[in-house]
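Asks: the following block contains a protein sequence and its predicted model.
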Amino acid sequence: MLDSSTEVPLQPSVEELIKKISVEKRITPPDVSARRLLSTITEASAIEILNIIAASSKIRTFSGFIIHMVKASSAGVSSPNGVCSSPHKRSPSPSSASGSPNKYARHVSPNSKESVDSPFSSSKTRTIPQYFPRSPHDCGSSLSKQITCLKDATPNTTTYHLAESSKATHIVSAQKQLTFSPCSSLKDSNPSNPNVLRSTVNKRLAFSPNCTLDGANSNKGKQQFFDTPNVIYHSPSVQNQQTLLQCSSSKGTFGGPTPGNILSTSNHSDHTSSLAISLQSLVLDELEFRKLFMVHSYLGRKKLEDVVSDEDAVEIKKMKNLSMIDFEAKLWAKYGRTYCEPCDRAMHLDWDSGKTYLYHCYVSADGNHQFKGPYLNTRRTHLQRVLGDDNVLIVQFTDDPETSDTPSNYCNWIAAYQRISGGISIGLRHYRLFAFKDGRGDNKNPKAYSKKKQVSSWAVKCYFVRKESIHAPWKDKNDPYILFKKTNHEARCLFMHVHMVSNMAKYISRCSLALSNTIKLRVDLSSVHVERIPDIPCRDENGNVVCDKDGETLIHTDGTGFISEDLAMLCAKDFIEAKGKHDGSFEGKSHKKHYILEEEALGSKGTETCIRESPLLVQCRLFKEGYAVKGTLLVNKKLKPQTIQVRPSMIKVEKDSRLSDSDSFSSLEIVSISRRPRKANLSKNLIALLSVGGVPKEYFLGLLETTLQEAQKVSSSMRAAVRVGLNYGQMDDSATSVAMIGSGIPLDEPYLQYRLSILANEERKGLCGGKLPVNESFYLIGTADPTGILNSDEVCIILENGQISGKVLVYRNPGLHFGDIHILNARYVVELEEFVGNAKYGIFFSTKGKRSVGSEIANGDFDGDLYWVSKSPQLLHYFQVSKPWERLHSTPSGPSKKPSDLSYEELETELFTQLFATQKQSIVAGKAADAWLTWMDQYLSLGENDVHNKHVINEKLLKLVDLYYDALDAPKRIIYDTAKGYLPDNASIQDIWKLPCFNVEIAEACLDLWKKWYSSYRHEMSDAMNSGDESKHNSANIVIKKYKQLLYGTEDFATSSRKIDDIYNEALAIYHVSYDYARSYGDVKKCGFAWKVAGEALCSFHEMKTPGKSIPFKVAVLSMFI
């Protein structure tokens, strides 16, 4: 390879300095591109740039640093020397001129007239109140200040003077100046000299030589300012200055070098510039971050500087002590109404509940962006738990209706990402990309997810983390954060030594392990013994190990290990408590009834969560000493306490022995645990595969007809009403309809009829999508048989009452292959009890044979996959199995890059490339599913004798299956049409009447009180429902909770200490007030206030007044009879 020094020769003094830097810094000499740029500027300018690089404490690549500095200085922007003129116009320093490079070239003094005095300055001044935020240790912290603004002749230039009071404890011999300048400077500190002026900011701030930011009196002529690498600057002992950029969008500054981490690759240098900060951002930095973020969020797509004036910023800062509720209301009234959509409002009533704060940023194809939030959630990731919610920014790309999908609009999206590849700034904070993941499965609520998809149909969700504070050393000193001064590589190594993986695809997927919503096990991992045990290989009839086409050993135990009983019990306890808490960190039902239901499913009792039996399986993520483990842990009573056993297939990231002394965030994160399964419905693709297997369409239509008829009878059939109420209890105010029926309230009660009608229509929507209920069907977590007894065609299934026997159908979503449905024999294995005891709910697959049965079923494994199991006699009678899936058409892959072979800059670039590749794969997968469904419809319409066409279509289907496994997104046509044929049961309520037993005399004072409160409730609920898509459901629940507290004096009826007669009287007052109001408007929906707030008391009162004996029933038990 040709030596770059011979290809592009430079002046001897420049060559000598390059050689010296390369040796001292132990870095690769600059390449041809960098040398060519150096050759275009003067010798003095080249030496000046090289001296800056020599003084820098962090150099990623020599070439990239040179390219950045030359381009920045040539453009007259972010000049490293703090002077507006180009390097071509600089006078060489004496040392440079003589050809002997000095380590620190002389720079123009910031105190010279050239750099201090504005040629456009005017004598006109105005004074505004002091609001410049500073370090608590600032020498002026005890001083009263005022800012004097000098209006320049140029409209875009303003000079601010900070005048000190005579009461200062430190002698100030000169004014402080805050000057807006079109120049920029990137200065670094000299570690050996604490009195060096350093700056990356671009506003000039002149301090007295007798004052430092520490508040210490300095007699020396040099002072230490902001801790920013890359340039060294010596200041004489006169009035010092600090330079800040003229303007910055605190909308979020995109790209560019930042304090502590300048992007030095040529890929970034073209679009990066020095980060800047505006005066408004400095003022608003005194707000706590959630309030600061809300300011940016409520400006929509506008920049802070374009909307918020200096005076406005001061007024917002004065609101810093307001509660979040009041702060949000004022901010929405002033800005949000004008610049945001109502659905983007972040109004919560439980800001201090301990829930997770989610901070979102949406980037469009044109590079514009919008912050949204903060929103509250009951889920939390390992990343958020470790770094803190406010140090994690969730970034997604939004779709423009006028633009097409990613593949055809690829260049625009690349340009958009280039805008944020250097990071995103919010106020003085700077965030950089940590990892990204496919976010399609994050939201378990279909309605919520559909709303999010309106914002962004991108499957990929990026997680940016706080890395620096811009121009604010006092923030880093007084508000330290974990990733301060750490590179992206160092940040990821705190979670796992992810650079140890073999390729970039694994690098990305392993990083995303920290992005799963989990619950942290409260245990000291240093006391837990984590042992490695071997995987069980697949063997043929002769006992030989079986390998795949790539030479990899096939295994039966992919993704599953063991956990001791004591740790499994702790996992269940923490899991249940987290799900039961209103302010927990896990996505789940927070209502007490759901909490009790979860306890019953796991054998727990009472509010203290006493677990009688351990869960059978724990799905988890384990981070320990650089290792990253993913999979399921089977309870093993034979293990010693405090023991976990993992297999190589579970270890996704190995430890780097070279980093044995480095810090890491060790944690066992629980994703889920095995618990009582609900009855499973058929899915769209499962119906299609069963049809191919011989199940007649009449069977499915029979199921559909029966279900639809029951749905039609919810208004008149007690059984149908209870079934629908139980199935959709999560959207029925925690099964209020079932409670009303159980207390003896007749089905024709107006509000009960209204609620049942809504639930029945929800069921019809599910039927249109192919969700047909099938008896004796359920989903279970899969694992491998620890006894080695099961044969390859056998499984062991443990349900509520223990192990079951007989033939079963087994399938895994989103299987598309004809052979993805297996018929297996369930058998009783006595020896299994020695491992699991009485633990329940799981399916065990054999560890014998040439291939794992789990792998045969839609390429599954045992790291948490759910398997559909059915004992339905009709399905077993009709279905004929097909040959299991084997890959026939492999998708070609590009050359694989090993992360450890890439430089840090190359690694970040490769991540950027993979980001868009991941999104493109998601689009391709969806199109493959569409094509699969189309061909499957044609296949099912062919007659038995049409052998040729069936063969052709079968080949196409198999190729689509191999292309990608993904869920279907369209129902079977015949089922859809049949379900649509049934009219919705929107039974109009002819009259709003009252239950006779509720017609009792109520004190006027009580009625008046609840009339007043009901009026307040309506206003508060109206505000809650207008609080935005992300927060309105939670806000509505908070309003209801408030009025329940007024009625019961506590959270609910069961825990109230009030006199029962007082509760009944007020509950009846609520009933009459709301029903009278509903009658006046002819709207039965307005009766809801009574049942949402006083439903428990009203049901109890009605039950007491209804003749007959009552027997309490657990909801879980009742569901077994429906």
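Replies: That came in fine, so what should we check first?
Asks: quick check: residue 843 is in a strand.
Replies: Yes: according to DSSP: H, G, I helix; E, B strand; the rest coil, residue 843 belongs to a strand.
Asks: that one touches residue 784, doesn't it?
Replies: No: using CB atoms under 8 Å, residue 843 and residue 784 do not qualify as a contacting pair, with a distance of 10.5 Å. Where C-beta positions appear, they are placed from N, C-alpha and C, glycine not excepted.
Asks: which residues are in contact with both of those two?
Replies: With contacts defined as CB atoms under 8 Å, 6 or more residues apart in numbering, no residue is shared by residue 843 and residue 784.
Asks: how close does residue 575 get to residue 1102?
Replies: In this view, residue 575 and residue 1102 are 36 Å apart by CB to CB, to the nearest Å.
Asks: out of the two, which sits in the busier spot?
Replies: residue 575 (27 against 17; other CB atoms under 10 Å).
Asks: could I get the pLDDT score of the more buried one?
Replies: On pLDDT, residue 575 comes in at 92.
Asks: kindly report the same for residue 663.
Replies: 85.
Asks: again, but for the one 10 residues further on
Replies: Residue 673 is assigned 96 on the pLDDT scale.
Asks: what sits against it?
Replies: Contacts of residue 673 by CB under 8 Å, 6+ apart are 571, 572, 575, 602, 615, 617, 618, 619.
Asks: of the residues you listed, which belong to strands?
Replies: Counting by DSSP state E, these place 617, 618, 619 in strands.
Asks: from the residues you listed, pick the one nearest residue 493.
Replies: residue 619 (25.2 Å; CB to CB).
Asks: can you list the contacts of residue 673 in TSV and add distance to residue 839?
Replies: Below are those laid out as TSV (distance: CB to CB, whole Å):
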residue	distance to residue 839
571	12
572	10
575	14
602	10
615	6
617	8
618	11
619	14
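Asks: out of the residues you listed, which two sit at the greatest distance?
Replies: Greatest spatial distance among the contacts of residue 673 (CB to CB): 602 and 619, at 14.2 Å.
Asks: gap between residue 527 and residue 311?
Replies: 58 Å.
Asks: out of these two, which sits in the busier spot?
Replies: Set residue 527 next to residue 311 and count neighbours by other CB under 10 Å: residue 311 wins out with 12 against 8.
Asks: buried ones among the ones in strands among the contacts of residue 673?
Replies: The neighbour-count test (16 or more other CB atoms under 10 Å) marks 617, 618, 619 as buried among the ones in strands among the contacts of residue 673.
Asks: the first one reaches residue 632, doesn't it?
Replies: Yes: applying CB under 8 Å, one finds residue 617 in contact with residue 632, separated by 4.9 Å.
Asks: and the nearest residue to residue 669 once chain neighbours are set aside, what does it touch?
Replies: What sits nearest to residue 669 in space, not counting adjacent residues and going by CB to CB, 6 or more residues apart in numbering, is residue 518, at 3.7 Å. By CB under 8 Å, 6+ apart, residue 518 lies in contact with 380, 381, 382, 586, 620, 621, 669, 670, 671.
Asks: am I right that the last one sits in a strand?
Replies: Which is residue 671. Yes: secondary structure assignment places residue 671 in a strand (three-state DSSP).
Asks: for the spatially closest residue to it that is not a sequence neighbour, give the beta-bridge partners.
Replies: Here the nearest residue to residue 671 in space, its sequence neighbours aside, is residue 619; by CB to CB, 6+ apart that works out to 4.3 Å. Beta bridges link residue 619 to residue 632, residue 672, judged by DSSP bridges.
Asks: these two touch, right, residue 619 and residue 668?
Replies: No: using CB under 8 Å, residue 619 is not in contact with residue 668, being 11.5 Å away.
Asks: can you show me the strands along the stretch 401-550 of the chain?
Replies: 424-426, 429-438, 460-469, 519-520, 529-532 (DSSP state E, counting those that start in this stretch).
Asks: I'd like to know which elements the next helix or strand after the last one is packed against.
Replies: Past strand 529-532, further along toward the C-terminus, the next helix or strand under DSSP states H and E is strand 560-563. Packing partners of strand 560-563 (3 or more CB pairs under 8 Å, 6 or more residues apart in numbering; DSSP states H and E): strand 627-635, strand 643-646.
Asks: which element follows the shortest one toward the C-terminus?
Replies: Note on strand 643-646: by DSSP H and E, the next helix or strand toward the C-terminus is strand 651-653.
Asks: and the contacts of that next one?
Replies: If you take CB under 8 Å, 6+ apart as the criterion, strand 651-653 is touched by 496-498, 500-501, 506, 509-510, 513, 532, 626-630.
Asks: go through stretch 747-760 and flag the buried ones.
Replies: In terms of neighbour count (16+ other CB under 10 Å), stretch 747-760 has its buried residues at 747, 749-760.
Asks: taking the residues you listed one by one, which sit in strands?
Replies: Short answer: those have none in strands (DSSP E).
Asks: in helices only, show me those.
Replies: Among the buried residues of stretch 747-760, the ones falling in helices (DSSP state H) are 750, 751, 752, 753, 754, 755, 756, 757, 758, 759, 760.
Asks: ok, now how distant is the second one from residue 1103?
Replies: The reference is to residue 751. For residue 751, the distance to residue 1103 - CB to CB - is 17 Å.
Asks: could you do the fourth one as well?
Replies: Using CB to CB, one obtains 20 Å as the distance from residue 753 to residue 1103.
Asks: thought residue 308 was touching residue 280?
Replies: Yes: using CB under 8 Å, residue 308 makes contact with residue 280 at a distance of 5.3 Å.
Asks: for the nearest residue to residue 376 once chain neighbours are set aside, grab phi and psi.
Replies: Nearest non-adjacent residue to residue 376, counting by CB to CB, 6+ apart: residue 355, 4.3 Å away. Main-chain torsions, residue 355, degrees, to the nearest 10: phi -70, psi 170.
Asks: residue 355 contacts residue 374, doesn't it?
Replies: No: using CB under 8 Å, residue 355 is not in contact with residue 374, being 10.2 Å away.
Asks: who's more crowded, those two?
Replies: Neighbour totals were compared for residue 355 and residue 374, and residue 374 leads with 26 against 23 (other CB under 10 Å).
Asks: returning to what we had before: nearest to residue 826, of the buried residues of stretch 747-760?
Replies: residue 759 (34.2 Å).
Asks: tell me the contacts of the closest one?
Replies: 714, 724, 725, 727, 728, 731, 732, 737.
Asks: and the first one, what element?
Replies: Element membership for residue 714, per DSSP H and E: none, as it lies in no helix or strand.
Asks: residues contacting it?
Replies: 720, 721, 724, 756, 757, 759, 760, 985.
Asks: looking at this, residue 623 is in a strand?
Replies: Yes: when three-state DSSP is applied, residue 623 is found to be in a strand.
Asks: tell me which residues form a beta bridge with it?
Replies: With DSSP bridges as the rule, residue 623 is bridged to residue 628, residue 667.
Asks: relative to residue 652, how far out is it?
Replies: According to CB to CB, residue 623 stands 10 Å off from residue 652.
Asks: which neighbours do the two have in common?
Replies: Joint contacts of residue 623 and residue 652 (CB under 8 Å, 6+ apart) are 513, 629.
Asks: could you point out which element follows the lengthiest strand in the chain?
Replies: Criterion DSSP E: the longest strand present in the chain is strand 773-784. Next helix or strand after strand 773-784 toward the C-terminus (DSSP H and E): strand 794-799.
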